[in-house]
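Undergrad: when you get a sec, could you give me coordinates for this:
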Amino acid sequence: MRAAAWVAQLGVLVVHNDPVVEAELSRRAPAGVSVHAARFESPTSTGAEYTHETWQHLIAHPDIRRGLTQLGQMDLTAICLCFASASFFGGLEFDRGFAAAAGELAGGTPVYTAGEAIRAGLTELGIRRPLVVAPPWFTAPTFAAAERYLAEAGYEVAGLVHYQLGTGWDTVQRHRLFDQGGRWAVDPDEVSRHVAAAFPPDADGVLIPGSGFRSWDAVAALERQLDVPVVTSNQACLRRLLTIAGLHDTVPGGGRLVDAHP
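TA: Just a heads-up that it's a prediction; the model follows:
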């Protein structure tokens, strides 16, 4: 069997303890699309809650600068910052400023953020009033920041569902759930059931942000049951790469955003 030619290469910047981005993207990427990661220290690794960001602050992070430089030397098609919370707290200015400065550090390789990819996905699917599904480790400041970010971009949040882990996690501070291993405890089938039960009649789609939130496997079931499109951070990240690369490959079972585009 002849191996597929390499047609696109995606670089991803992910927090140091996030295994989900590479797992979901590598599994779903079409033949010939490869995924390459660089890591940076999680802002919550000190135990502090993450509540603020600017592009100037993040681009100055030594891990970010090193990762962008190294990924830029690999002749990749594009690089995605898989950290939607940074966009939420930094606003649209963060997306613009970070992408421009990061592209220079990466030697001209196109750079985009998870926030930018999410917005492109929502727009492509015609979603204006999404139900937003928050990961277990999101807290009230992140909820508010996400709503502000979407409003600034012209979207209206139809409702918010906060996915909960089992009772065994009740003693862990919410913003520490990811670092304490909650990333491994997310069940996509439970995500699907949880979201379907809470879906409001006036929503026209579902947005599941959080690159470390294992949720892509919930998309197909939700789209069948609710008959609306669903966008996740990692799904949108891959779709943005395919757009930049000019590819029309589809991802069977990956959701309308990547399975049925022209």
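
Undergrad: only C-alpha atoms from now on, for both contacts and neighbour counts.
TA: Noted.

Undergrad: so who does Y149 touch?
TA: 87-89, 91-92 (C-alpha atoms under 8 Å, 6 or more residues apart in numbering).

Undergrad: cool, I79 as well?
TA: I79 touches 10-13, 71, 109-112, counting by C-alpha under 8 Å, 6+ apart.

Undergrad: filter the contacts of Y149 down to the ones in helices?
TA: Within these, residues falling in helices by DSSP state H are 87-89, 91-92.

Undergrad: re the thing from before, nearest to R129 among the contacts of Y149?
TA: Using C-alpha to C-alpha, F88 is the member of the contacts of Y149 that lies nearest R129, at 16.9 Å.

Undergrad: thinking that closest one is in contact with A151, fair?
TA: No - the pair F88 and A151 fails to qualify as a contact (C-alpha atoms under 8 Å) at a distance of 10.7 Å.

Undergrad: what about these two, which has more around it?
TA: F88 (26 against 12; other C-alpha atoms under 10 Å).

Undergrad: let's see which of the contacts of I79 end up in helices.
TA: Those of those lying in helices (DSSP H): L71.

Undergrad: got a markdown table for the contacts of I79, with pLDDT, neighbour count and distance to W169 too?
TA: As requested, the contacts of I79 are exported to a markdown table (pLDDT from 0 to 100; neighbours: other C-alpha atoms under 10 Å; distance: C-alpha to C-alpha, whole Å):
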| residue | pLDDT | neighbour count | distance to W169 |
| --- | --- | --- | --- |
| L10 | 97 | 23 | 34 |
| G11 | 98 | 27 | 33 |
| V12 | 98 | 27 | 29 |
| L13 | 98 | 22 | 28 |
| L71 | 98 | 24 | 36 |
| T109 | 98 | 22 | 41 |
| P110 | 98 | 19 | 39 |
| V111 | 98 | 25 | 36 |
| Y112 | 98 | 24 | 34 |
